[in-house]
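[1] Let's see this in three dimensions:
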Amino acid sequence: MEIKQFEDKNLSHFSYAIVSKGEMAVIDPARDPQPYYDFAKQQQAKIIAVIETHPHADFVSSHLEIHTTTGATIYVSKLLGAEYPHQSFDDGDAIVLGAVTLKALNTPGHSPDSISIVAIDEKGNEKAVFTGDTLFIGDCGRPDLREKAGAITATKATLAKQMYHSLRDKLMILPNDVLVYPAHGAGSLCGKGLSEQSSSTIGAEKNGNWSLQDMSEEAFVKELLADQPFIPKYFPYDVAVNKKGASAYGGGISAVEKREPVSCKACINSLDKDIVVVDTRPQREFKKSHLKNSINLMNDTRFETWLGSIIKPGEKFYLAAENETELDKLVARIAKIGYENQIELAFVLKQGTLESPLFDSELLRSNENAYTIVDVRNELEVKAQKFFSNSIHIPLPELRERVTELPLDKPIVVHCAAGYRSAAGSSIISSVLGDKIPVYDLSENIKNFKNELHQQA
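    Sure thing, here's the model as predicted:
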């Protein structure tokens, strides 16, 4: 038996291939199926099974495309209510893969339809467990994503209780040397404290994972429900897409309309002014020259997550990049969360019509009260440390909907923790308010204020 782990760093996603005697199974595949085809060819194996541990919220899976291309059977829990051809895979069910047996465990908690998969070798030994979003390294899955999404919904309190028992009654009873392979690592919003490690063992998790420690159900539920991160707008949408089965990855990308570099006035005037422009260029380039109704959402490692947190499912947007290569990469990344059909037009932006001046942070240092300071960090970050006593807190994912809450009697300065989110936040406010009030981005200068607070402490 050979196990191959695939990683998408931008989405902190792990998927897997298991190969035995020329047969291969894929678990929780990413949107692009090509790496699995390539690995199957390398191993001279045939893909006969695709297993989904649950309908994922944070990315679109290629399970249906792999089935259509290879004929592999899709296995999911009957509780999922899958709308694509599939075979139910629940407690007591097993798949024979060469000399390996894959056994299903129903492990609800992250979702009502979550399963884990135990790999048993030819000698009958349990060697590995693929835990999806149930058990992570150092944490367990959050229980609050399926209150309003999926075929079966449940309150977060109910799911938290189910998680308590799934961990103890299904996973902790496995031998200590069984390898643990989760669907996500550090940075994922499907949990709150995931380790940087990509795998572990049941024994190691019993020792170090808070969720497997000796505690009452009540104490576990209280801890699990506390301080979970925000839920991006696209999460419920992706659950629905994965329940139905996504269209082919390459087809969605090739259907995106592209235009020659936009620089002339006529080109700019042809754009619909009611459609937001997602401008992915570096913030200095954006501030020098950008289009009306633009959001500066720079191309970094969490681009997909922030796009799906700010832009609503179904909302059309323009996509602008600094060159053709970056544009192609971004379209491919956007397809990973199923938003490619929302791109009204994709283009390289050479010249805009508006300018946003850089902000002199010394002005804020000398007179904080002269500005309305907007903090766009997450709730937990503000709870841990507030940088300005009179700041207004509106998390970035909520900002477009809450700009009208801001007073207009002073210039506005936006900050986050390092400069990425404040670039997006200040551009969001500017796009809504227009020229009603000056809006500035504190950008990376926030680090100086943080250092000063640290020294004072």
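
[2] could you say what helices and strands the top helix by length along the chain packs with?
    The residue-count maximum for a helix in the chain (DSSP state H) belongs to helix 420-433. Under the contact definition 3 or more C-beta pairs under 8 Å, 6 or more residues apart in numbering; DSSP states H and E, helix 420-433 sits against helix 283-288, strand 294-296, helix 303-310, helix 399-402, strand 412-415, strand 439-441. C-betas here are computed from N, CA, C, even on glycine.

[3] For the fourth one, buried residues please.
    Buried residues in helix 399-402, counting neighbours by 16 or more other C-beta atoms under 10 Å, are found at 399-400.

[4] Could you check the angle the longest helix of the chain makes with helix 303-310?
    Calculated by axes from the mean of the first three to the mean of the last three C-alpha atoms, to 10 degrees, helix 420-433 forms an angle of 40 degrees with helix 303-310.

[5] Please work out the average pLDDT along helix 420-433.
    Helix 420-433 shows a mean pLDDT of 95.

[6] Please save the CA atoms from it in PDB.
    Provided in PDB are the C-alpha atoms of helix 420-433 (Å, rounded to 0.1, in the frame of the first residue of the first chain):
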ATOM      1  CA  TYR A 420      -2.900  43.300   3.400                       C
ATOM      2  CA  ARG A 421      -6.500  43.700   4.700                       C
ATOM      3  CA  SER A 422      -6.200  47.400   5.200                       C
ATOM      4  CA  ALA A 423      -5.500  47.800   1.500                       C
ATOM      5  CA  ALA A 424      -8.700  45.900   0.800                       C
ATOM      6  CA  GLY A 425     -10.600  47.700   3.500                       C
ATOM      7  CA  SER A 426      -9.600  51.200   2.600                       C
ATOM      8  CA  SER A 427     -10.500  50.500  -1.100                       C
ATOM      9  CA  ILE A 428     -13.900  49.100  -0.100                       C
ATOM     10  CA  ILE A 429     -14.700  52.200   1.900                       C
ATOM     11  CA  SER A 430     -13.500  54.500  -0.900                       C
ATOM     12  CA  SER A 431     -15.500  52.600  -3.500                       C
ATOM     13  CA  VAL A 432     -18.700  53.100  -1.500                       C
ATOM     14  CA  LEU A 433     -18.200  56.700  -0.300                       C
END
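
[7] Compare the helices and strands packed on helix 420-433 and give me the one nearest Ile343.
    Smallest distance to Ile343 across the helices and strands packed on helix 420-433 (C-beta to C-beta): 10.5 Å, for helix 303-310.

[8] Alpha carbons of that closest one, in CSV - could you do that?
    The C-alpha trace of helix 303-310 is given here as CSV (Å, rounded to 0.1, in the frame of the first residue of the first chain):
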residue,chain,number,x,y,z
PHE,A,303,-6.4,35.3,-2.0
GLU,A,304,-9.2,32.8,-2.6
THR,A,305,-10.4,32.9,1.0
TRP,A,306,-10.5,36.7,1.1
LEU,A,307,-12.2,36.9,-2.3
GLY,A,308,-14.9,34.5,-1.1
SER,A,309,-15.3,36.5,2.1
ILE,A,310,-15.8,39.8,0.4
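
[9] Which neighbouring elements make contact with that helix?
    Packed next to helix 303-310, using 3+ C-beta pairs under 8 Å, 6+ apart, are helix 324-335, helix 420-433.

[10] closest one to Trp210 among those helices?
    When these are compared by C-beta to C-beta, helix 420-433 sits nearest Trp210, at 28.1 Å.

[11] and the closest one, how far out from the chain's middle?
    Counting by C-alpha atoms, centre = their mean, to the nearest Å, helix 420-433 is centred 21 Å from the centre of its parent chain.

[12] Would you indicate which residues of it are buried?
    Buried, per 16+ other C-beta under 10 Å, within helix 420-433: 420-433.

[13] need the helices and strands packed on helix 303-310 in a markdown table with distance to Ser166, can you?
    As requested, the helices and strands packed on helix 303-310 are exported to a markdown table (distance: least, C-beta to C-beta, whole Å):
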| stretch | distance to Ser166 |
| --- | --- |
| helix 324-335 | 32 |
| helix 420-433 | 35 |
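
[14] So for Asn242, which of those sits nearest?
    Here helix 324-335 is closest among the helices and strands packed on helix 303-310 (C-beta to C-beta), at 13.8 Å.

[15] Would you mind pulling the contact partners of the helix or strand following the closest one?
    Counting by DSSP states H and E, the next helix or strand C-terminal to helix 324-335 is strand 343-349. The contact list for strand 343-349 (C-beta atoms under 8 Å, 6 or more residues apart in numbering) reads 256-263, 271-272, 275, 279, 281, 290-291, 316-324, 327, 330-331, 334.

[16] In the sheet, which strands lie alongside strand 343-349, parallel or antiparallel?
    Strand 343-349 has the following strand partners under DSSP bridges: strand 258-262 (parallel), strand 317-321 (parallel).

[17] Return the member of those strands having the minimum mean pLDDT.
    Looking at the strands paired with strand 343-349, the bottom one is strand 258-262 with a mean of 69.

[18] Out of the helices and strands packed on helix 303-310, which gets nearest to Lys46?
    helix 324-335 (26.6 Å).

[19] Can you check what angle separates the closest one from strand 317-321?
    Comparing the axes of helix 324-335 and strand 317-321 via the same axes, to 10 degrees yields an angle of 140 degrees.

[20] count of neighbours near Pro112?
    Using other C-beta atoms under 10 Å, Pro112 has 21 other residues around it.

[21] between the helices and strands packed on helix 420-433, which gets nearest to Gly191?
    Of all these, helix 303-310 comes closest under C-beta to C-beta, at 14.0 Å.

[22] Which residues does the closest one contact?
    Outside helix 303-310, the residues within contact range by C-beta under 8 Å, 6+ apart are 10-11, 58-59, 189, 230, 232-235, 278, 280, 295, 297, 330, 333-334, 336-337, 339, 396-397, 399-400, 421, 424, 428.
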